[in-house]
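Peer 1: Model the following, please.
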Amino acid sequence: MKVFGKLFSRNMKLMLGNVWRRELIMLVLCAIAVFQYSKIGQRPLLSDVMQGISDFRGNPYFPMSWFLIVIFNQVVIGDSFRKLILHDYPLVASISLGKYLFCSVLNLFSVGGANVLLLLVMTRHHSLHFAWTAVFCLLLFLACFAFLTLIFSPVICEGLVVVIAVLTIFADGMPFFDRLMFVRGTAILPGDVLAALLMLIIIAWCGFRIKQLDFI
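Peer 2: Below is the predicted model of the structure:
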């Protein structure tokens, strides 16, 4: 346990050293976008911030706060998870790859989870179901992105994240991602479950392929 604790601390320092600039930039942008919904003496409602696409007097507008929150963690993490696995693991190769991967996933969720928790702290909630659903979707989406960066270029993966977010905004009926939009309803549909299972399969596939990758 002591060795695992030291490994976790080492990996966290490496990851934060890679992401802190992007973290600060995205935090400022998201804070500005979130607090435009605040009222005097009150924090903004999460359902307002994550409202998503809506129609105001016949003119739909781009939901910038929703868009920034959905891509937030992926932009912050970038290639840091890939570097942590493919570049930094050989430096501690005496530790099994499985244990190292598990520790790295905990590091990933520590950073991503802290960002999601910050969002929950900055907002009020009148629908806990929507809040917990959003937390689950954001973190699963982050995990799927991080594992895909092990196989494909992080730039390509980030581009895919942006495309998915934009498609969700303008194309009603996107499984899984529609659950991040309060305006699209909070009921979990069969398509959402299948999309979540597909992401888990992608994560497992990428995990099994790690041993076949070239460590730097």
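
Peer 1: Quick check: buried residues in stretch 5-15?
Peer 2: L7, F8, R10, N11, M12, L14, M15 (16 or more other Cβ atoms under 10 Å). Just so you know, the C-beta spots here come from the backbone N, C-alpha and C atoms, and that holds for glycine as well.

Peer 1: Which one of those residues is nearest to K99?
Peer 2: L7 (7.9 Å; Cβ to Cβ).

Peer 1: And the helices in this structure?
Peer 2: Counting by DSSP state H, the chain has helices at residues 2-35, 46-49, 64-77, 80-82, 97-122, 128-151, 154-170, 190-209.

Peer 1: which one of the buried residues of stretch 5-15 sits closest to G78?
Peer 2: M15 (10.4 Å).

Peer 1: was I right about that closest one contacting L84?
Peer 2: Yes - contact criterion Cβ atoms under 8 Å: M15 and L84 qualify, at 6.0 Å.

Peer 1: N115 versus A196, what's the distance?
Peer 2: From A196 over to N115 the distance is 20 Å, taken as Cβ to Cβ, to the nearest Å.

Peer 1: Could you do K39 as well?
Peer 2: 24 Å.

Peer 1: of the two, who's got more company?
Peer 2: Taking neighbours as other Cβ atoms under 10 Å, K39 and N115 compare with N115 leading, 21 against 10.

Peer 1: who are the neighbours in contact with A31?
Peer 2: The contact partners of A31, by Cβ atoms under 8 Å, 6 or more residues apart in numbering, come to M122.

Peer 1: Repeat that for C144.
Peer 2: Contacts of C144 (Cβ under 8 Å, 6+ apart): M199, I202, I203.

Peer 1: Spatially nearest residue to it, not counting backbone neighbours?
Peer 2: Spatially, and ignoring its direct neighbours in sequence, C144 is nearest to M199 (4.3 Å; Cβ to Cβ, 6 or more residues apart in numbering).

Peer 1: How about the contacts made by that neighbour?
Peer 2: Neighbouring residues of M199 by Cβ under 8 Å, 6+ apart: L140, F141, A143, C144, F176.

Peer 1: Tell me how many other residues surround F67.
Peer 2: Around F67 there are 18 residues (other Cβ under 10 Å).

Peer 1: ok, it to Q42 distance?
Peer 2: Relative to Q42, F67 is positioned 24 Å away (Cβ to Cβ).

Peer 1: How about V28?
Peer 2: To Q42, V28 is 22 Å away according to Cβ to Cβ.

Peer 1: hang on, the earlier thing: tell me the one of the contacts of C144 nearest M1?
Peer 2: When these are compared for distance to M1 (Cβ to Cβ), I203 wins out at 25.6 Å.

Peer 1: Now the common contact residues for M15 and L84.
Peer 2: Common neighbours of M15 and L84 (Cβ under 8 Å, 6+ apart) are N107.

Peer 1: Need phi/psi at the nearest residue to F35 once chain neighbours are set aside.
Peer 2: Computed as Cβ to Cβ, 6+ apart, the closest residue to F35 that is not its neighbour in sequence is P44, at 6.4 Å. Backbone torsions of P44, given as degrees, to the nearest 10, read phi -70, psi 150.

Peer 1: I appreciate the help and will end here.
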